[in-house]
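Peer 1: Curious how this folds, go ahead:
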Amino acid sequence: MFTFLIVLISIIAVLMTLVVLLQSGKGGGLAGIAAGGATTQILGSRQAPDFLEKATWTLATAFIVLCILSNFVIGPETQGSSVIQQNADAGAVQAPVLPAPADAAPADAGADEGGNE
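Peer 2: Predicted coordinates:
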C-alpha cells in the first residue's frame with residue numbers, strides 16, 4: 001500500500017508540474033498584448049486558464065492529502081530496517097574488532113615462562 005501511494009504521489013507531482021508550466025502568467029505580459037486584452041474574456045478563450053487553475057488546485061490538494069496519508073500507512077517492513085535501529089532494539093551496540101598490530105607479541109605468550117606454577 002505504501003509503495004502504491006508513493007507511485008501515485010510521483011505521478012501527481014509530474015502532472016502538477018506539467019499543468020503549472022502550461023499556465024500563462026497572471027500579469028499578461030506579451031500574451032496579453034497579442035491576444036487583445038478584454039476581448040479574450042468576452043469571446044470565451046478564458047476557459048483554458050480556468051481549467052488549468054482548477055486542475056492545479058485539485059492536483060495540489062490530492063498531493064498534500066496523499067503525502068499526509070502515506071505517513072499513516074507506513075508498515076513494519078519500512079520501519080526499523082536501519083542497522084542502527086536494529087542494534088538499538090537488541091540492547092547493545094557491539095564495538096568494532098580491530099586487528100592486532102603485526103609487530104606486537106601475543107598477550108599470553110610470556111605467562112607460561114614466568115616460573116610460577
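Peer 1: any idea which helix or strand of the chain has the worst average confidence?
Peer 2: The weakest-scoring helix or strand in the chain, judged by mean pLDDT, DSSP states H and E, is helix 29-35 (a mean of 46).
Peer 1: got any ranges where this protein has weak pLDDT?
Peer 2: For the chain, the stretches with pLDDT under 70 are 26-48, 75-81, 89-95, 104-117.
Peer 1: and after the helix ranked longest in the chain, which helix or strand comes next?
Peer 2: Criterion DSSP state H: the longest helix present in the chain is helix 47-73. Counting by DSSP states H and E, the next helix or strand C-terminal to helix 47-73 is helix 83-90.
Peer 1: show me the contacts for residue 82.
Peer 2: For residue 82, the contact set (CB atoms under 8 Å, 6 or more residues apart in numbering) is empty. C-beta here means a position set from N, CA and C on the backbone, and glycine is covered the same way.
Peer 1: Would you check how far apart residue 73 and residue 6 are?
Peer 2: With distances taken as CB to CB, to the nearest Å, residue 73 is found 10 Å from residue 6.
Peer 1: Could you pull up the residues touching the nearest residue to residue 52 once chain neighbours are set aside?
Peer 2: In this structure, residue 52 finds its nearest non-sequential neighbour in residue 23, 4.9 Å apart by CB to CB, 6 or more residues apart in numbering. By CB under 8 Å, 6+ apart, the contact list for residue 23 reads 49, 52-53, 56.
Peer 1: Rebuild those as a markdown table, extending it with distance to residue 1 and neighbour count.
Peer 2: Putting those into a markdown table (distance: CB to CB, whole Å; neighbours: other CB atoms under 10 Å) gives the following:
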| residue | distance to residue 1 | neighbour count |
| --- | --- | --- |
| 49 | 36 | 14 |
| 52 | 31 | 17 |
| 53 | 32 | 14 |
| 56 | 27 | 16 |
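Peer 1: of all these, which comes closest to residue 87?
Peer 2: Compare each of the contacts of residue 23 with residue 87 using CB to CB and the shortest gap goes to residue 56, at 45.8 Å.
Peer 1: Was I right to think that closest one contacts residue 20?
Peer 2: Yes: with contact defined as CB atoms under 8 Å, residue 56 counts as touching residue 20 (6.0 Å).
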